[in-house]
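K.L.:
Got a predicted model here, sequence first, then my questions.
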Amino acid sequence: MLRVDNVTMQFGGVFAVKNANIIINKGELVALIGPNGAGKTTLFNQVSGEYTPTSGKIFFDNGSGEKDITGMRPDLITRIGICRTFQNIRLFKKLSVFENVFIANNINFKSNLFSSVVRMPNYIKEEKENIKKTQYLLEKVGLSEFKEDRADSLPYGKQRRLEIARALATDPVLLLLDEPAAGMNPQETNELINFIQEIKDEYKLTIFMIEHHMNVVMNISDRIYVLDHGELIAEGTPKEIQSNSKVIEAYLGVDEDA
Amino acid sequence: MKNKKNIINIIIIAVVLVLLFIIDNNIDEYRRKIINLCGIYVVLALSLNLINGETGLFSLGHAGFMAVGAYVVAILTLTPEMKDMNYYMQPILPILKTINMPYLPALIMGGLVSAFFGLLIGFPVLRLNDDYLAIASLGFSEIIRIAFINLVPITNGALGLKGIPVHKELIWTWGFAIATIIFMFQLMKSITGKSLNAIREDEIAARAMGVNLFRKKLLSFTISAFFAGIGGGLLAGVLGTIDPAQFKFALTFNIMLIVVLGGMGKIWGNVIAAVVVTVLMEYLRFLDEPMKNFLFQTDGLPGLRMVVFSLLLIVVIIFKKEDSKFSLRKLIGGKKNAES
């Protein structure tokens, strides 16, 4: 589904990501972990098109053949089925919860500007379908009672959910979650674990996720990649990673007496 | 329920049109001109609001687009004889001399040509952001003005054009004002309008949701230029004379004032502010004249009325800011969003 092939990202003399190779298969939930500043979000930004890799290629298969998406424009990448959430929540703050999700439906609209301004029957039909879809998504994430509220008036955990709902509205095949559990308390985290599994099953999603909560990572991921100083140092199932000496070293430091 | 709303809207529009007709027949020339100017400023404010308020792009190039619209309308509606009288320094280009159109198609042409300029200018300029965009668009609007001063065979240079057929009927300006209001409401209700709002709120997130940023910005810029062109054309039709000096940066500033007073991204607010500011501009003229009262005495201070607007602007900005201590919403105890 997603193949990151020898990708490097260089900012001046710093290698944010160095020769990374990642393969994600259809239907998997893969986690990317690593200490702060390891280059996880940079890698995400390359996949979602924010950054063009200094070298290396990224391939994506949305079911209709593998495509080279290296350095493609972010909105086009969204259109072929990769959608993301952001580490520091990026909602359309002053718009309502409903509008936030509704706007993400824009890629489904086929009508031109004229028919949307004059409200021709074909536009109204499209709009109705997407309103229905938006309402369904909001119900799914449990936000339908807040749909008229401003997005930034929601509590933190609900904002995260709204971001995921917004990403789902673009009908992604591959969902990139950048620290979905950041800043959540244990109860919210548990809810989130259930929620992610639920949407993964319902929408037949493949999920690639950055996360620091080991509770979340170990519970739901099929495989884990570990990034440190821009380099992938380990790959494997949660069990394998937990006992990998390199990973322990990266997280806890080396015991120099040993 | 939706139908009911539509019917109410249609009734309101009908009432306004009848009202315009009544006013049209019972009014002196001075007041008629002010009301006409109000209509024009409604069009202009809404078009600037589309790009600055709804899309969140800080563009200052409005006067340039108005100049384009005004000159297109002037050249298209002037009769060949009047053109001969106007262009006595240098003759007009022969192709332009014979063209003559009724007012309405000329206005539409003015809008379209201005939109075309918007498209051309938008291509390079919209790759910039924030302050850079403001400077670049301001620069382009000045370029248009300077070009108009120097393209004597087309624009008659700094002498301007006189004797443009005048269309004083309120239905022209207010007809277009109403059409613009309806268009803006429909646009902002549609997914395109909402995408523009998304760009204003967060470009990166909008792009990640599949919004083609450049195309949407260009669209907004072009539509805005179209209405600015119409506004400029209406100005030419109401005043009867135009010259490049009218389209200096100060004109953009006046419209900006209306948009800020009316509220960025608030259509009705802009309409009301356009009317209030235009009327005040006229009725505060006494401030510019020599004054004598028990406190002080002046020999006439041209520009004193602009101080009133500056004060108004400061007051509005202090009270409008949502997290401000003096937030209007909080004072009224209004919506719940103000609490957060």
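P.N.:
Ah, there it is. Residues are numbered from 1 along each chain as shown, chains lettered A, B, ... in the order given.

K.L.:
tell me which residues of the host helix or strand of B:F116 are tucked away?
P.N.:
Secondary structure from DSSP states H and E places B:F116 in helix B:103-125. Using 16 or more other CB atoms under 10 Å in any protein chain shown as the test for burial, helix B:103-125 gives B:103, B:106-115, B:117-118, B:121-122, B:125. For the C-beta atoms, the positions are set from N, CA and C on the backbone; glycine is no exception.

K.L.:
ok, B:V316 to B:G262 distance?
P.N.:
Distance, B:V316 to B:G262, using CB to CB, to the nearest Å: 9 Å.

K.L.:
contacting residues for residue 203?
P.N.:
Picking chain A for this. Residues counted as contacts of A:Y203 (CB atoms under 8 Å, 6 or more residues apart in numbering or on different chains) are A:L168, A:P172.

K.L.:
if you could check chain B rather than the one you did, that'd help
P.N.:
Contacts were defined as CB under 8 Å, 6+ apart; by that measure B:E203 touches B:L213.

K.L.:
Excluding residues flanking it in the chain, which one is nearest B:A134?
P.N.:
If you skip the residues right next to it in sequence, B:A134 has B:F58 as its closest partner in space, 4.5 Å away by CB to CB, 6 or more residues apart in numbering or on different chains.

K.L.:
Tell me where the model's unsure across chain A.
P.N.:
Across chain A, residues meeting the criterion (pLDDT under 70) sit at A:254-258.

K.L.:
Could you list the residues of it in contact with chain B?
P.N.:
Taking CB under 8 Å from any CB of the partner chain as the contact definition, chain A meets chain B at A:48, A:50, A:73-75, A:78-79, A:83-84, A:86, A:90-95, A:99, A:102-107, A:109, A:113, A:116-119, A:123, A:127, A:130, A:149-150, A:152-153, A:166-167, A:169-170.

K.L.:
and the residue nearest to the spatial centre of chain A, what does it touch?
P.N.:
Within chain A, the residue whose C-alpha comes closest to the C-alpha centroid is A:L176; the distance, by CA atoms, centre = their mean, is 1.8 Å. Counting by CB under 8 Å, 6+ apart, A:L176 makes contact with A:F44, A:V47, A:S48, A:I82, A:C83, A:R84, A:T85, A:I207, A:F208, A:M209.

K.L.:
Same check on B:L218?
P.N.:
Each residue near B:L218 by CB under 8 Å, 6+ apart is listed here: B:L119, B:G122, B:F123, B:L126.

K.L.:
Mind checking what secondary structure it has?
P.N.:
When the structure is reduced to helix, strand and coil (DSSP: H, G, I helix; E, B strand; the rest coil), B:L218 reads as helix.

K.L.:
What pLDDT does the model give it?
P.N.:
The score at B:L218 is 94. That number is its pLDDT.

K.L.:
host element of A:N19?
P.N.:
Assigned by DSSP H and E, A:N19 belongs to strand A:14-24.

K.L.:
for B:R215, that is, sorry about that
P.N.:
Counting by DSSP H and E, the element that carries B:R215 is helix B:213-239.

K.L.:
so the residue nearest the centre of chain B, which of the three states?
P.N.:
When chain B is reduced to its mean C-alpha position, the closest residue under CA atoms, centre = their mean turns out to be B:L44, at 1.4 Å. Taking three-state DSSP as the rule, one finds B:L44 in the helix state.

K.L.:
How many residues are close by B:I8?
P.N.:
Burial of B:I8 is recorded as 10 neighbouring residues (other CB atoms under 10 Å in any protein chain shown).

K.L.:
for A:S115, same thing?
P.N.:
Per other CB under 10 Å, the neighbour tally for A:S115 reads 17.

K.L.:
Angles on the backbone of it, please.
P.N.:
As for A:S115, its main-chain torsions (degrees, to the nearest 10) stand at phi -70, psi -20.

K.L.:
tell me the contacts of the residue nearest to it when sequence neighbours are not counted?
P.N.:
With CB to CB, 6+ apart as the measure, A:Y123 is the residue that lies nearest to A:S115, at 4.6 Å, once sequence neighbours are left out. Listed by CB under 8 Å, 6+ apart, the contact set of A:Y123 reads A:F109, A:S111, A:S115, A:S116, B:S190.

K.L.:
Show me where the chain has its strands.
P.N.:
Went with chain A since none was named. All strands of chain A, identified by DSSP state E, fall at A:2-11, A:14-24, A:29-33, A:55-61, A:66-68, A:82-84, A:174-178, A:206-210, A:223-228, A:231-236.

K.L.:
switch to chain B, that's the one I care about
P.N.:
Using DSSP E, the strands of chain B run over B:291-292, B:297-298.

K.L.:
Format the ones you listed as a markdown table; extra columns: mean pLDDT and mean neighbour count.
P.N.:
Shown next, in a markdown table, are the strands of chain B (pLDDT from 0 to 100; neighbours: other CB atoms under 10 Å in any protein chain shown):
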| stretch | mean pLDDT | mean neighbour count |
| --- | --- | --- |
| strand B:291-292 | 71 | 12 |
| strand B:297-298 | 71 | 11 |
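
K.L.:
Now those strands in TSV, please, with extra columns for distance to chain A.
P.N.:
Written out in TSV, the entries for these read as follows (distance: least, CB to the nearest CB, whole Å):
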stretch	distance to chain A
strand B:291-292	44
strand B:297-298	45
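
K.L.:
now the ones you listed as JSON lines including distance to B:I272?
P.N.:
Listed next are the strands of chain B as JSON lines, based on distance: least, CB to CB, whole Å:
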{"stretch": "strand B:291-292", "distance to B:I272": "29"}
{"stretch": "strand B:297-298", "distance to B:I272": "31"}
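
K.L.:
And the chain, split by domain according to the record?
P.N.:
In the absence of a named chain, this looks at chain A. Domains of chain A are assigned by automatic domain parsing as A:1-81+A:172-258, A:90-170.

K.L.:
hm, I was asking about chain B
P.N.:
Under the assignment named as automatic domain parsing, the residue ranges that make up the domains of chain B are B:2-265, B:284-340.

K.L.:
Pick the most deeply packed of these.
P.N.:
The highest average neighbour count among the domains of chain B, using mean count of other CB atoms under 10 Å in any protein chain shown, belongs to domain B:2-265 at a mean of 20.

K.L.:
How far does that one sit from its chain's centre?
P.N.:
Between the mean C-alpha location of domain B:2-265 and the chain-wide mean there is a distance of 5 Å, by CA atoms, centre = their mean, to the nearest Å.

K.L.:
try stretch A:137-147
P.N.:
Between the mean C-alpha location of stretch A:137-147 and the chain-wide mean there is a distance of 20 Å, by CA atoms, centre = their mean.

K.L.:
Now it: buried residues?
P.N.:
Within stretch A:137-147, the residues scored as buried using 16+ other CB under 10 Å are A:L137, A:L138, A:K140, A:V141, A:L143, A:F146, A:K147.

K.L.:
any idea how far A:K200 is from B:I143?
P.N.:
Here the criterion is CB to CB. By it, A:K200 lies 55 Å from B:I143.

K.L.:
got it, and B:L107?
P.N.:
Counting by CB to CB, the gap from B:L107 to B:I143 is 24 Å.

K.L.:
Would you agree B:M184 is in contact with B:A45?
P.N.:
No. Under the contact definition of CB atoms under 8 Å, B:M184 does not touch B:A45, with a separation of 10.3 Å.

K.L.:
which residues in the stretch 51-200 of chain A form helices?
P.N.:
Assigned by DSSP state H, counting those that start in this stretch, the stretch 51-200 of chain A shows helices spanning A:74-79, A:97-104, A:113-118, A:121-140, A:156-168, A:186-202.

K.L.:
wait, which of the ones you listed is closest to B:F296?
P.N.:
With CB to CB as the measure, helix A:97-104 is the member of these nearest B:F296 (52.7 Å).

K.L.:
okay, the angle between the closest one and helix A:121-140?
P.N.:
120 degrees (axes from the mean of the first three to the mean of the last three CA atoms, to 10 degrees).

K.L.:
and the angle for helix A:97-104 with helix A:156-168?
P.N.:
30 degrees.
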